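Participant: got a structure for you, letters missing:
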């Protein structure tokens, strides 16, 4: 018996396409042979033959008496495998896992936070001791839907200090800053929407947006903020729904937004109904506050998020969202649906630490230490020919260019083998155009071994290239 | 000038359809007139006229020089407005907000947790005092990707006590039990997938699944677990990807799964590649452990989640997922992408409280108090003609039938006005077939005023009906 080969292949191609685009997930039952024949207007025997061949290829499985199923166990959302392939070393999730891995003895100038002994641990200890004497309700009950009122009042006053007007009813506490951005994405985005981000941007935005199955468009970042012409062109070309950025100190570059750029961005956003999320997590490191988009905009189309994980503690998790009141209501519904009430305890401890007079002194101290650490790090990088893209005014981050011809991922791989974890530029770059950059954390680059290992890795890479 | 009316209407219908199915979200730019004309194979003037009429209807907006946009401000994911309309009083989110609302003086026999003074607050206090002396790392750093190793080891041993074999590498800590279910849904589900749930089920599963935009199919619950015939029929009819249920004590009915039902469910799941999530959050209330699906299945297609929010504290948030190792790896990626590292502190405090010798004694005490509270509550409901659907062997929940002709939502509305918050049956029922049921929390029904207010509301409702 012969078969009409072209038709069989057409059926096979159609099934492959549905498997590839995940219309049929592994484990899903395929349409019956009869139904498929009708849909594709071919004979039943053509479909049977096509299914048999696909089964022979292992793409689908026959189950006697039950039909054909997409093969494999289940195929869950494998973030690591979604999107264009990247070097494992420049995959944002790889960088996150390396940063979070508590392996002893590894130096982490590639991580994005302060060493624990630079954090306000004394305030947390006091907060814990005071929590130990709190009411049963504080220690055992769920928080109210928006979160602890005194902390929201405090945040309202802090925001006012940056000229952002938000009453406590416009502020909702979240489990973390990332949780805040995640909730907003769930609230505003549909799979397939387009989101603008800075190129380079905070690497975990890339992983987060991948989990939301949205298209990401990068806008080149300049030392004054995103390139406004490129931003305008991206709005025209992609009609994005959201732009996610950092306010204050930008991650990974350490740059800050100029008022002129802020104004032009908001005008563009107004004329194209773009919503902006500004993640203000480094606010407490600034000597002089940079302009906040939320201040210019009055929380109309700008949503501000933040957390205390960079200055107080990443162990006591708590973030916030400040936004229009109607959005906060909807975001609270979504928070309840997906994580029920938050806990009260973290908010109680942070509130105690934030209102403690020691926090301000602690911050002043950290800011001075960071200034020294940045200068020292740049001074140690200079002899290696590694230069800052911009010289940040505040914070821990330094975005640095390697000498011509060196690949940051290759250097990072070599250094990791020697116990030094670096952050290669392309982990931050949606366009993968930052292969010649490394992000350094000045506070985590105090050990001379960082620079010894780095120098050795550079020499070895140069030798390989020669 | 006249227009080909049918074509104009066809264009309008096409636009309406895209607006309705949220392909074009409010604020999105519509295809240009020219592009639309080409796509729909009509003239430019037909599209112009159709757009103008839709603009006149307010569905879209013309913006001079820029084109047409889907109307409205932005249209975020409004959970409260998705799905078929429900009484506000039987909407799962309404019930969640009422439960979480900390309004003073309101009695909450409709809530799903213990009064705070029944919780293990002393253990939490001790945990806080011990945390206050912990290392800087414990107090300031992120947790490792899977979460605090000693707590995962402890969970591994606890699971073994229920015959569930899971090494610590198969266990990941989450922010809460709800967060655990949410991560699993994100990992395994696509919008439009079908999920089986019990009818009735924990009300927040309904809100959570709504947020995932999946189809929900309810399977009638019996005093031994889900109705196996209906379960088999639902598998045939809907090819669901996931079944979400409670193990141990079922919410809202207080029933437990029989071994025979567990076995039959798993056989059915095996033959149709169904994944099962069992939420084990009431485990510590059981006198005699009911069978766990995860124990029968060996964590192959069953995922177990749980938390400590019902026995230890809902203020110190922490949940867990126990699953196949490859799934845990993917789930950890998703956790990192959407909430970065977890915090360590909550896990540290809970670990201290759980390993404290007082916890076991506390639980024994709570179990006895709950037995007394259930009996007392049923004895007080009996004279009102309110009878248990099943008499639970453990836990705080009582799923009770009202006398014929009374509507639980109407009763709940009246009682709320008098400061007593009840949980009407349809908030738990995907099919809305539980209008004659209320869920009582025996531990929160200790105040005689609950029954006075309830009796008055029933009398008034009877009078209205007469």
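Facilitator: Perfect, I can see it now. Since we're looking at a predicted model, the values are computed, not measured. Numbering: from 1, shown residues only, chains lettered A, B, ... in the order given.
Participant: what helix or strand is whichever residue of the stretch 151-300 of chain A sits closest to chain B located in?
Facilitator: Per Cβ to the nearest Cβ, residue A:207 is where the stretch 151-300 of chain A lies closest to chain B, at 3.7 Å. Backbone N, C-alpha and C define where each C-beta goes, glycine included. Using DSSP states H and E, residue A:207 falls within helix A:203-211.
Participant: who does the very next helix or strand once past that helix pair up with?
Facilitator: Next helix or strand after helix A:203-211 toward the C-terminus (DSSP H and E): strand A:215-222. Taking DSSP bridges as the criterion, strand A:215-222 pairs within the sheet with strand A:194-199 (parallel), strand A:225-226 (antiparallel).
Participant: surely the residue of the stretch 151-300 of chain A closest to chain B touches residue A:93?
Facilitator: Yes - with contact defined as Cβ atoms under 8 Å, residue A:207 reaches residue A:93; the gap is 5.2 Å.
Participant: compare those two (neighbour count), which wins?
Facilitator: Between residue A:207 and residue A:93, residue A:207 has the larger neighbour count (other Cβ atoms under 10 Å in any protein chain shown), namely 27 against 23.
Participant: when you scan stretch A:163-171, is anything in it near chain B?
Facilitator: No - applying Cβ under 8 Å from any Cβ of the partner chain, one finds stretch A:163-171 separated from chain B by no less than 14.1 Å.
Participant: list the buried residues in that stretch.
Facilitator: Within stretch A:163-171, the residues scored as buried using 16 or more other Cβ atoms under 10 Å in any protein chain shown are A:164, A:166, A:168, A:170-171.
Participant: please identify the buried residues of the helix or strand of chain A with the lowest mean pLDDT?
Facilitator: The helix or strand of chain A with the poorest confidence is strand A:60-63; it has a mean of 77 (mean pLDDT, DSSP states H and E). Within strand A:60-63, the residues that count as buried by 16+ other Cβ under 10 Å are A:60-61.
Participant: what ranges do the helices span in the stretch 51-200 of chain A?
Facilitator: Applying DSSP state H, counting those that start in this stretch to the stretch 51-200 of chain A gives helices spanning A:92-100, A:121-131, A:136-140, A:149-161, A:177-188.
Participant: list of residues touching the longest one?
Facilitator: In other words, helix A:149-161. Contacts to helix A:149-161, defined as Cβ atoms under 8 Å, 6 or more residues apart in numbering or on different chains, come from residues A:146, A:165-168, A:170-173, A:283, A:289, A:294, A:304, A:318, A:320, A:322, A:347-348, A:350-351, A:354-355.
Participant: make a PyMOL selection of the buried ones in those.
Facilitator: Command for PyMOL, covering only those of the contacts of helix A:149-161 found buried under the criterion 16+ other Cβ under 10 Å:
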select buried, chain A and resi 146+166+168+170+171+172+173+283+289+294+304+318+320+322+347+348+350+351+354
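Participant: what about the longest helix seen in chain A, near chain B?
Facilitator: In chain A, with assignment by DSSP state H, the single longest helix is helix A:358-381. No - figure legend: helix A:358-381 not in contact with chain B (Cβ under 8 Å from any Cβ); closest approach 12.0 Å.
Participant: what element comes up after that helix heading to the C-terminus?
Facilitator: In N-to-C order, the element after helix A:358-381 by DSSP H and E is strand A:387-388.
Participant: which strands and helices lie in contact with that following strand?
Facilitator: Here strand A:387-388 touches helix A:358-381, strand A:397-401, going by 3 or more Cβ pairs under 8 Å, 6 or more residues apart in numbering or on different chains; DSSP states H and E.
Participant: pretty sure residue A:441 contacts residue A:395?
Facilitator: No - counting by Cβ under 8 Å, residue A:441 sits too far from residue A:395 to count as a contact (9.4 Å).
Participant: could you find the closest non-adjacent residue to residue A:430?
Facilitator: residue A:218 (3.7 Å; Cβ to Cβ, 6 or more residues apart in numbering or on different chains).
Participant: now swap in residue A:352 and tell me
Facilitator: Per Cβ to Cβ, 6+ apart, closest to residue A:352 is residue A:127, 3.8 Å.
Participant: measure the closest residue to residue A:180 other than its chain neighbours to residue A:178 for me?
Facilitator: Distances taken as Cβ to Cβ, 6+ apart put residue A:305 closest to residue A:180, at 3.9 Å, once the chain neighbours are dropped. From residue A:305 over to residue A:178 the distance is 9 Å, taken as Cβ to Cβ, to the nearest Å.
Participant: overlap in contacts, these two.
Facilitator: In contact with both residue A:305 and residue A:178: residue A:319, using Cβ under 8 Å, 6+ apart.
Participant: okay, now the unreliable bits of chain A?
Facilitator: Applying pLDDT under 70 to chain A picks out residues A:1-5, A:21-22, A:25-27, A:64-66, A:72-78, A:80-87, A:89, A:466.
Participant: picking that back up, which residues does the residue nearest to residue A:430 contact?
Facilitator: Going by Cβ under 8 Å, 6+ apart, residue A:218 touches A:196-199, A:201, A:429-431.
Participant: packing partners for the helix or strand encompassing residue A:306?
Facilitator: Residue A:306 is located in strand A:302-307, with elements delineated by DSSP H and E. Identification of packing neighbours for strand A:302-307 by 3+ Cβ pairs under 8 Å, 6+ apart yields helix A:177-188, strand A:275-279, helix A:293-297, strand A:319-322.
Participant: just checking, what packs against the longest one?
Facilitator: Here helix A:177-188 touches helix A:203-211, strand A:242-246, strand A:275-279, strand A:302-307, strand A:319-322, helix A:325-339, helix B:325-339, going by 3+ Cβ pairs under 8 Å, 6+ apart.
Participant: format the ones you listed as JSON lines; extra columns: distance to residue B:400.
Facilitator: Compiled in JSON lines, these are given as follows (distance: least, Cβ to Cβ, whole Å):
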{"stretch": "helix A:203-211", "distance to residue B:400": "41"}
{"stretch": "strand A:242-246", "distance to residue B:400": "47"}
{"stretch": "strand A:275-279", "distance to residue B:400": "46"}
{"stretch": "strand A:302-307", "distance to residue B:400": "43"}
{"stretch": "strand A:319-322", "distance to residue B:400": "39"}
{"stretch": "helix A:325-339", "distance to residue B:400": "25"}
{"stretch": "helix B:325-339", "distance to residue B:400": "37"}
